[in-house]
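[1] Predicted model and sequence below, questions to follow.
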Amino acid sequence: MRLTVRLSGPVALTAALATLAVSAPPAAYAADPPAKTPTAVGHGGAVSSVDADATAAGIEVLRKGGNAVDAAVATAAALGVTEPYSAGVGGGGYLVFYDARSGKVRTLDGRETAPRTAGADYFLEDGKPIPFAEAVTSGLSVGTPGTPATWENALRRWGTLRLGAALKPAERLADRGFTVDETFRQQTASNEKRFRAFPASRELFLPGGELPVVGSTLRNPDLADTYRELARKGTRALYAGELGEDVVRTVRKPPVDPASDLAVRKGQLTADDLRRYRALEQRPSHLDYRGLDVYGMAPSSSGGTTVGEALNILESTDVRDLSGTQYLHRFLEASRIAFADRNRWVGDPRFEDVPTRELLSQRYADSRACLISPDKALTSPLAPGDPRNPGDGCEASGKAVPENREGLSTTSLTASDKWGNVVAYTLTIESTGGSGVTVPGRGFLLNNELTDFNFIPVTPGVPDPNLPGPGKRPRSSMAPTIAVQDGKPLLAAGSPGGATIITTVLQILLGRIDRDLSLPEALAAPRASQRNAAVTQAEPGFLALPERERLEALGHAFTSTPEIGAAAALERLPDGRWLAAAEPVRRGGGSAAVTHPSPSGA
Ligand code: GLU
């Protein structure tokens, strides 16, 4: 069913909410933390991220005439300073770009790759998978970083700035330092034990051997130097230079304190792996949802196909007119079904025969949608369907494939400019704190992204598209998404949160498009995440909803989790202004800003 999207209703409320909260972004990076607000409305360009310094870096670039791509890179580089446990030079990510000139959406897959030596048995020892915790803190789980290549590529293809200019605000921020907040202190505390084992991590993140104090300034001159080196030499410094040599040396023999009892496995990355790395420009995932063109990341991320399949499943229902209970029921069921398929079918398409087009076909979604009953929740694990042979019936085929583990770190940003370009960009080093290993003298942590591979086939006897392979990208859930209406960008959103990213982005889109929520309301709404498991994760706010009991009566079971995701989003308002939205509370609250804020009350 194709419905007309009536997005005008909530916009008035959105704008009213937003103008109340508007404040100009700070101009300088003093040790004083910049003021932050989760909502901003105005003309020009917009940036939303989890961090006020990072958003300010993007806004600075926009104010100097840069475009959304320049701003996205500047914001991401600043996040490398202030959110070093989530993202940075040592990690990877996915960038989705709406190009106002052509009206087309482009994407860059900057996912980390496994070493050339990696076979399907990469994480096996004596035929058995190594303990997951031993992979988490190791050289073995470090993939070739893709973030610097993503930045350079995005700027070269679509930006206006050279890499050095886009890195400038972040370089300054790394030199001057940022103010430690409660979230940063907590994230450091959860990494303390392993950081102590690596002298370079200890010196950087445990100043004076202690947890950083809230309100203190954390500087990272080594990272400032790394940014300067990238500015001077380009990303060759990493992919074919001394910076790369340092990365390879660190991965192959992680520098552990001899006094530590932590056994740290060595990695296999080589200079050749780095030299071969490419960030890939590829077609976005695409589907039509109620007249909107929804674009996302195609595999190697499962974000685009899984958000897309769930939306397609819901397309045949008038979600707008459902009761609160039926809406949430169908959101959970659509996501359950889409995850059953994702777990079976999605991997790196350069190695696996991934049915991307079929997973996004309306015909396939309709063949799955009929599994949903209004009276009874489905039982998980639910078997996948066969996207290439949808059939007319409603039977699931094959064996159920449970999901693999994924970290809960990562960060997401959105940016737009006065020309109408939009970027949604999600980047990560996988776990909070990545591998725990800082490259000595370079100021950044290495990822442990290869733990996103399945170590062994998750269901014996069923082909697993997410086993390691030489140069292969582990399956991701990152789901930066841009929705376009009549050829013009309307919404952009993304979130961290491992596999919950998919359900968070889906819930935000549904809230905004179908449930008459303003964008800030859609971000603030309590979240739940059903990923083809017997039990659905839900935030305390979700469990307090009046619908909870009715959902339980339908057969849904919930487990409480403090927080799901930390989204960043933006919307183009009908009058041409941008609304930037960040989290009001999660992860300590995010930061949204515009270059030319509307005066309060306008
Ligand atoms: N590694 C995860 C992925 O690619 C992201 C981790 C996270 O969001 O914390 O989906």
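    Great, that's in hand.
[2] switch to C-alpha atoms for all contacts and neighbour counts from now on
    Noted.
[3] Leu359: neighbour count?
    For Leu359, the neighbour count with other Cα atoms under 10 Å is 28.
[4] try Asp272
    Applying other Cα under 10 Å, we find 13 residues neighbouring Asp272.
[5] which residues are in contact with the strand or helix carrying it?
    Using DSSP states H and E, Asp272 maps to helix 271-276. Here helix 271-276 makes contact (Cα atoms under 8 Å, 6 or more residues apart in numbering) with Pro115, Arg116, Thr144, Leu238, Tyr239, Ala240, Gly244, Glu245, Val248, Gly471.
[6] Which one of the residues you listed is nearest to the ligand?
    Thr144 (13.8 Å; Cα to the nearest ligand atom).
[7] And the furthest pair within the contacts of helix 271-276?
    Largest separation among those by Cα to Cα: Glu245 and Gly471, giving 18.4 Å.
[8] Which one of these two is surrounded by more residues?
    Neighbours per residue (other Cα under 10 Å) separate Glu245 from Gly471, with Gly471 holding more: 21 against 17.
[9] pretty sure that one is in contact with Arg111, am I right?
    No - in this structure Gly471 lies outside contact range of Arg111 using Cα atoms under 8 Å: 10.8 Å.
[10] tally of neighbours for Glu358?
    Residue neighbour count, defined by other Cα under 10 Å, stands at 18 for Glu358.
[11] Identify the residue nearest it in space, chain neighbours excluded?
    Nearest non-adjacent residue to Glu358, counting by Cα to Cα, 6 or more residues apart in numbering: Pro387, 5.3 Å away.
[12] quick one: secondary structure of the one you found?
    coil (DSSP: H, G, I helix; E, B strand; the rest coil).
[13] Just confirm it contacts Arg363, I think it does.
    No - in this structure, Pro387 is not within contact of Arg363 by Cα under 8 Å, at 9.1 Å.
[14] quick one, which of the two is more surrounded?
    Set side by side, Pro387 and Arg363 show more neighbours around Pro387, with 22 against 17, by other Cα under 10 Å.
[15] From Thr356, how far off is the more buried one?
    9 Å (Cα to Cα, to the nearest Å).
[16] Which one (most neighbours) among the contacts of helix 271-276?
    In the contacts of helix 271-276, the most neighbours by other Cα under 10 Å go to Thr144, 35 neighbours.
[17] mind listing what that one touches?
    Gly91, Glu112, Thr113, Ala114, Pro115, Leu269, Asp273, Leu274, Tyr277.
[18] Tell me who's in contact with the last one.
    Meaning Tyr277. Tyr277 touches Thr113, Thr144, Gly146, Tyr239, counting by Cα under 8 Å, 6+ apart.
[19] Let's test this: mean pLDDT of the longest strand belonging to the chain, rounded?
    Counting by DSSP state E, the longest strand found in the chain is strand 39-49. Taken as a whole, strand 39-49 has a mean pLDDT of 98.
[20] ditto for stretch 497-506
    Over the span of stretch 497-506, the pLDDT mean works out to 97.
[21] Let me see the residues that make contact with that stretch.
    Residues outside stretch 497-506 that contact it (Cα under 8 Å, 6+ apart) are 303, 306-307, 310-311, 335, 406-410, 476-479, 481, 493-495, 527-531, 564-567.
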